[in-house]
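A.B. asks: What would the 3D arrangement of this be:
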Amino acid sequence: NMVKVLHDEMNAAIDEHRSKMNSLVIDAEEMSFISSLGLRCILQLKKEWPEIRVVNCCADVYGVFKMTGFTRIITVTKALPRFSSEILEPVEGLEGVYHLSDETMVKVFPEGTDLSAVEREMQLSREVFIWGVPTAMTFEVVRVDDCYGLVFESVEKKAIDAAILGDLMKNFHQHIIEPDEQIPSAIEAEKQKVRDKVAEYGEERVTKMLQVLNTIPEGSALVHGNFSMQKVAFGEGGEKPVIIDMSSIRFGNPVLDVTQLYSSLPEDQQGEYFDEFLREYYNNEPEASIMKIRQNIVTLAKAYRCFEEGVMDCWDAIFSDLHFKMDFGEKIRELERQRFYLDGDINIDWVASNLATNRHYVSDYFNKVLHMTFSDYINDLRLEYAVSLLRSGRVPQQEIAYSAGFNNDHTFRRLFKKKYGCTPSEFK
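C.D. replies: Take a look at the predicted model:
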């Protein structure tokens, strides 16, 4: 009779949740034993949710799953390592982060955060690390009190020079993302955040902010999605600047990250410090173009502020000051983000055709604005990419020349030594 009651209760639960859930995770944290009846129940649940997972199994329960062959047909994971926040030392300058050892830290997620969200961040962090993105290496998921935590390599917070910050973000944004389910659109994510405020802020405020966001061109660069100075730290013994927290990475226009950075700066750093950052980030652009970009960033930051604070008499000025239409230099930067220079057959005619102009205009732009020939410009980009490959160790050295877009190894080595004063094999 007891078996029949349990069977009926489980069927009722399946009927109730069948249309509401796409997957099922069973948290076995409080389970010290599982019977044959329990195993049969899990088999029945698997028929409804083929991707069923059982997590947080103690050694005895995991042993039963393994002995009966269940680990071959469903995902079963052992209980996570546990820590108490009472004995962990908080990391200064990083909210919700604690020291675990001399070499590791743990980021503690808010109570109620789903395990899948934590695992997704770990997966994304590992993926972008492999791409060569300057971020901290992640290791495993743990429990801290009643919350999940993500263990990563130790970093430290300290002041960062504006030019170093500009180079760091430029390196981050140079990675081009193919849209997929894992990494969504940055601009669409921003629009959804705004739409979600309609009940609280009202239709008019939401419409104004959406109109502002609609002026921003789409992009394909890797975007952090929640950037601030809080996300910048130093790894490798405090020597290497990194960007941390990959939970909200997107693809899109880097101006969203740069605007978030500007808004996070103290007022006394929104002047000269931010200008120095921009000059490094847009290091090939003339000063007039950089100041135009600055105006857009400051105006976009103002729009977010007006939206949050409910200031309604500012929107005409905001729309008047926003000029996000891509000029020629911005179009060139977008090609850079797409790494067009890695194609060994690229030439000035291809660029002219792609930008709907003629080769003479392109040549004049490089000679008169960037003060270099098109050939020097392409080779500089290829050499910078070759350096990133050398540092990452992901590509055998004998393949780097061709991976960076050079058509022969001799030219690559000659130009490399001319620029860096050493051969690729001597470079560190």
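
A.B. asks: C-alpha only now, for contacts and for neighbours.
C.D. replies: Noted.

A.B. asks: Residues in contact with whichever helix or strand residue 260 is part of: which ones?
C.D. replies: Per DSSP states H and E: residue 260 is located in helix 255-264. Residues external to helix 255-264 that are found in contact with it (C-alpha atoms under 8 Å, 6 or more residues apart in numbering): 223-229, 270, 274, 297-298, 300-301.

A.B. asks: Let me have these in JSON lines, extended by pLDDT and secondary structure.
C.D. replies: Converted to JSON lines, those look like this (pLDDT from 0 to 100; DSSP: H, G, I helix; E, B strand; the rest coil):
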{"residue": "223", "pLDDT": "93", "secondary structure": "strand"}
{"residue": "224", "pLDDT": "94", "secondary structure": "coil"}
{"residue": "225", "pLDDT": "93", "secondary structure": "coil"}
{"residue": "226", "pLDDT": "92", "secondary structure": "coil"}
{"residue": "227", "pLDDT": "94", "secondary structure": "coil"}
{"residue": "228", "pLDDT": "92", "secondary structure": "coil"}
{"residue": "229", "pLDDT": "92", "secondary structure": "helix"}
{"residue": "270", "pLDDT": "94", "secondary structure": "coil"}
{"residue": "274", "pLDDT": "96", "secondary structure": "helix"}
{"residue": "297", "pLDDT": "94", "secondary structure": "helix"}
{"residue": "298", "pLDDT": "95", "secondary structure": "helix"}
{"residue": "300", "pLDDT": "95", "secondary structure": "helix"}
{"residue": "301", "pLDDT": "96", "secondary structure": "helix"}
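
A.B. asks: Please pick the buried ones from these.
C.D. replies: 223, 224, 225, 226, 227, 228, 229, 274, 297, 298, 300, 301 (16 or more other C-alpha atoms under 10 Å).

A.B. asks: follow-up on the earlier one: buried set for the helix holding residue 260?
C.D. replies: Counting neighbours by 16+ other C-alpha under 10 Å, helix 255-264 gives 255, 256, 257, 258, 259, 260, 261, 262, 263, 264 as buried.

A.B. asks: Give the buried residues for the helix or strand that contains residue 118.
C.D. replies: Applying DSSP H and E as the criterion places residue 118 in helix 115-131. Residues of helix 115-131 classed as buried by neighbour count (16+ other C-alpha under 10 Å): 115, 118, 119, 121, 122, 123, 124, 125, 126, 128, 129.

A.B. asks: What is that helix packed up against?
C.D. replies: Packing partners of helix 115-131 (3 or more C-alpha pairs under 8 Å, 6 or more residues apart in numbering; DSSP states H and E): strand 138-144, strand 147-153.

A.B. asks: so for it, what's the average pLDDT?
C.D. replies: Mean pLDDT, computed over helix 115-131, is 89.

A.B. asks: Run the angle between that helix and strand 147-153 for me.
C.D. replies: 10 degrees (axes from the mean of the first three to the mean of the last three C-alpha atoms, to 10 degrees).

A.B. asks: can I get the CA coordinates of helix 115-131 in PDB?
C.D. replies: Listed next in PDB are the C-alpha coordinates belonging to helix 115-131 (Å, rounded to 0.1, in the frame of the first residue of the first chain):
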ATOM      1  CA  LEU A 115      23.200  25.700  -9.200                       C
ATOM      2  CA  SER A 116      22.800  25.800 -13.000                       C
ATOM      3  CA  ALA A 117      23.600  29.600 -13.000                       C
ATOM      4  CA  VAL A 118      26.800  29.000 -11.000                       C
ATOM      5  CA  GLU A 119      27.800  26.200 -13.300                       C
ATOM      6  CA  ARG A 120      27.100  28.300 -16.400                       C
ATOM      7  CA  GLU A 121      29.400  31.100 -15.000                       C
ATOM      8  CA  MET A 122      32.100  28.500 -14.400                       C
ATOM      9  CA  GLN A 123      31.700  27.100 -18.000                       C
ATOM     10  CA  LEU A 124      31.800  30.600 -19.600                       C
ATOM     11  CA  SER A 125      34.800  31.700 -17.500                       C
ATOM     12  CA  ARG A 126      36.700  28.600 -18.600                       C
ATOM     13  CA  GLU A 127      35.700  29.100 -22.200                       C
ATOM     14  CA  VAL A 128      36.800  32.700 -22.400                       C
ATOM     15  CA  PHE A 129      40.000  31.900 -20.500                       C
ATOM     16  CA  ILE A 130      40.900  29.400 -23.200                       C
ATOM     17  CA  TRP A 131      40.200  32.100 -25.900                       C
END
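
A.B. asks: would you list every one of the strands in the stretch 151-300 of the chain?
C.D. replies: Counting by DSSP state E, counting those that start in this stretch, the segments of the stretch 151-300 of the chain that form strands are 221-223, 232-235, 240-243, 250-252.

A.B. asks: okay, these in JSON lines with distance to residue 422 next?
C.D. replies: Formatted as JSON lines, the strands of the stretch 151-300 of the chain follow (distance: least, C-alpha to C-alpha, whole Å):
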{"stretch": "strand 221-223", "distance to residue 422": "31"}
{"stretch": "strand 232-235", "distance to residue 422": "26"}
{"stretch": "strand 240-243", "distance to residue 422": "22"}
{"stretch": "strand 250-252", "distance to residue 422": "36"}
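
A.B. asks: With respect to residue 376, which of those lies nearest?
C.D. replies: Proximity to residue 376, assessed across those by C-alpha to C-alpha, is greatest for strand 221-223 (24.0 Å).

A.B. asks: who does the closest one touch, helix- and strand-wise?
C.D. replies: Counting contacts by 3+ C-alpha pairs under 8 Å, 6+ apart, strand 221-223 packs against helix 162-173, strand 250-252.
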